[in-house]
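In: the following comprises the amino acid sequence and a computationally predicted model.
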Amino acid sequence: MGGERLRFSVAQAAPAAVGGIYLPFFPLWLTGQGLEPSQISLVLACAMFLRIFISPTAGIVADALGDRRRVAMACAALASLAFGLMAGLGPVFGLAAILPLMLIAVPLNSATGPIVEAVTARGAIDYRFDYARVRLWGSLAFVVTNYLGGLAIGFTGAGAVAWMVSVMLAGCAIAFWPLPPLLSDRRTERKAMGRAIQRIFSEGRVLLRQPVFLLFLLTVTFAQTAHAVFYAFGTITFRSFGYTDSYIGVLWASGTLAEVALFAFGGRVTRGAPATGLIALGVALGAVRWIGMAFDTGPVGVLLLQLLHAGSFGLVHLGTMKFLSLAVPARLAATGQSLFAVMAYGLGMGLVTLAIGPLYDAAGPRTYLLMAVLSGVSLALTLALARAWNGRSLFAFRNRMGVV
């Protein structure tokens, strides 16, 4: 593995390793602090809403500085501190301490992802490596920490989860340090910080006025928010079906391993596919997955459903990265990624997560049927996007000779 590719791989693996602990086990930590499902959805949703402000701000500052690595490091370090305070104060003060600290920790942690994704996707072009082959190391890191975290929690109990997340975020800050600069950034004229931020804001507004980009945002928002029930209550659902914690770990890991297989071996197949085609296939498979998750299909059936994560997340993710790489210019890479993250994982995921708390209280696993509906809406929007987008940069223009 080349030196640059290795450094990008480490940067991808670090935040994914945090997710391997946070996604499956943090709701258990919240439950251990006495929170009910409606309170868990409230806490998670409020933190997601703040991503609407934090993620784009971090992306704009990162693009303006032209040094996205330092911004990602700062966000990871501050998130580590907030999770550490939560681990210490949460068991004492409960929701009164957890909620405000979640409003700091989760948005800052989430801000690192779009920046690293933007740098990796653009770095794949600059340094000529296969993005999917680098992205798979993030998926593998998720699997490893998911398994090892499950073993550790078996010995220590769920009360250690917040401490584990804090320590691993500190490791993220270290892992981001070796990230190489983008070659396209070296060719960009350096400007004063104020002028640079003003330019990024101006061009970001132009991006948001592009109907095709807005349609893209709606498409991927519905696709990703369809995972809301799984992310918030997946482990709780598996427990309600009577599965052991060790098998629940297998279920989480199997979905990510299917995603790894896609990134490792599906690159050649998906490389020539249009971005909208990848998204459409992914959300169609997602609809099948969520309908099945509404019922206890047995140990084998539920395992097969988790393998569809390669579609509901993996194919959609590859299609999303392909669209952003082709449609958004390099100078707006982190801004474009952050706007996507704000809509999909901030506003969209926050609204759906807030809604599903009371629904899950009333309907339990049947709430997954609503997620199937969201996937269906995304499929319809994807077909509209395929007709509206020509596969080129949204900032392309024609000169007097008619050449783009």
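Out: Sure, I can see it.
In: in the stretch 51-200 of the chain, which spans are helices?
Out: Secondary structure of the stretch 51-200 of the chain by DSSP state H, counting those that start in this stretch: the helices cover 68-93, 95-126, 131-156, 161-176, 183-186, 193-208.
In: now for the fourth one, which elements pack on it?
Out: Same thing as helix 161-176. Helix 161-176 is packed against helix 3-32, helix 68-93, helix 95-126, helix 131-156, with contacts defined by 3 or more Cβ pairs under 8 Å, 6 or more residues apart in numbering; DSSP states H and E. C-beta coordinates here come from the backbone N, C-alpha and C atoms, glycine included.
In: average pLDDT across the first one?
Out: To tie it back to what came earlier, the one meant is helix 3-32. Across helix 3-32, pLDDT averages out at 92.
In: list the buried residues in that helix.
Out: Using 16 or more other Cβ atoms under 10 Å as the test for burial, helix 3-32 gives 4-5, 7-31.
In: is it possible to get JSON lines of the helices and strands packed on helix 161-176 that adds distance to S246?
Out: As requested, the helices and strands packed on helix 161-176 are exported to JSON lines (distance: least, Cβ to Cβ, whole Å):
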{"stretch": "helix 3-32", "distance to S246": "13"}
{"stretch": "helix 68-93", "distance to S246": "24"}
{"stretch": "helix 95-126", "distance to S246": "27"}
{"stretch": "helix 131-156", "distance to S246": "7"}
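In: among those, which gets the worst mean confidence?
Out: helix 131-156 (a mean of 85).
In: tell me the buried residues in that helix?
Out: Result for helix 131-156 [16+ other Cβ under 10 Å]: buried residues 131-147, 149-150, 152-153.
In: that one packs against which elements?
Out: helix 3-32, helix 95-126, helix 161-176, helix 245-265, helix 267-271, helix 316-327.
In: if we go to 7 Å?
Out: Judged by 3 or more Cβ pairs under 7 Å, 6 or more residues apart in numbering; DSSP states H and E, helix 131-156 is in contact with helix 3-32, helix 95-126, helix 245-265.
In: orientation of the second one relative to helix 131-156 in degrees?
Out: So that's helix 95-126. Helix 95-126 runs at 150 degrees relative to helix 131-156, counting by axes from the mean of the first three to the mean of the last three Cα atoms, to 10 degrees.
In: what distance separates helix 95-126 from the middle of the whole chain?
Out: Helix 95-126 sits 9 Å away from the centroid of its parent chain (Cα atoms, centre = their mean, to the nearest Å).
In: can you check the first one too?
Out: Centroid separation between helix 3-32 and its chain, computed with Cα atoms, centre = their mean, is 11 Å.
In: next one: the last one
Out: For helix 245-265, the separation from the chain centroid amounts to 16 Å (computed by Cα atoms, centre = their mean).
In: okay, it in PDB with CA atoms only?
Out: The C-alpha trace of helix 245-265 is given here as PDB (Å, rounded to 0.1, in the frame of the first residue of the first chain):
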ATOM      1  CA  ASP A 245     -25.600 -10.100  23.200                       C
ATOM      2  CA  SER A 246     -22.900 -12.100  21.500                       C
ATOM      3  CA  TYR A 247     -25.200 -12.900  18.600                       C
ATOM      4  CA  ILE A 248     -26.200  -9.300  18.400                       C
ATOM      5  CA  GLY A 249     -22.600  -8.400  18.000                       C
ATOM      6  CA  VAL A 250     -22.500 -10.900  15.100                       C
ATOM      7  CA  LEU A 251     -25.500  -9.300  13.500                       C
ATOM      8  CA  TRP A 252     -24.000  -5.800  13.600                       C
ATOM      9  CA  ALA A 253     -20.600  -7.100  12.300                       C
ATOM     10  CA  SER A 254     -22.200  -9.100   9.500                       C
ATOM     11  CA  GLY A 255     -23.800  -6.100   7.900                       C
ATOM     12  CA  THR A 256     -20.500  -4.200   8.000                       C
ATOM     13  CA  LEU A 257     -18.600  -7.200   6.600                       C
ATOM     14  CA  ALA A 258     -21.000  -7.300   3.700                       C
ATOM     15  CA  GLU A 259     -20.200  -3.600   3.200                       C
ATOM     16  CA  VAL A 260     -16.400  -4.400   3.300                       C
ATOM     17  CA  ALA A 261     -16.900  -7.100   0.700                       C
ATOM     18  CA  LEU A 262     -18.600  -4.500  -1.600                       C
ATOM     19  CA  PHE A 263     -15.900  -2.000  -1.200                       C
ATOM     20  CA  ALA A 264     -13.100  -4.600  -1.600                       C
ATOM     21  CA  PHE A 265     -14.500  -6.600  -4.600                       C
END
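In: now do the buried residues in it.
Out: 245, 248-260, 262-264.
In: pLDDT of it, averaged?
Out: In this model, helix 245-265 has a mean pLDDT of 85.
In: could you check the angle that helix makes with helix 316-327?
Out: For helix 245-265 against helix 316-327, the angle between stretch directions is 40 degrees (the same axes, to 10 degrees).
In: residues in contact with helix 245-265?
Out: 24, 132-133, 135-136, 139-140, 142-143, 146-147, 150, 154, 235, 238-239, 299, 302-303, 306-307, 309-310, 313-314 (Cβ atoms under 7 Å, 6 or more residues apart in numbering).
In: burial of L215, as a residue count?
Out: For L215, the neighbour count with other Cβ atoms under 10 Å is 16.
In: make that R392, sorry
Out: So R392, with other Cβ under 10 Å, has 10 neighbours.
In: again, but for A96
Out: With other Cβ under 10 Å as criterion, A96 counts 10.
In: how much space separates it from L89?
Out: Counting by Cβ to Cβ, to the nearest Å, the gap from A96 to L89 is 9 Å.
In: perfect, that will be all.
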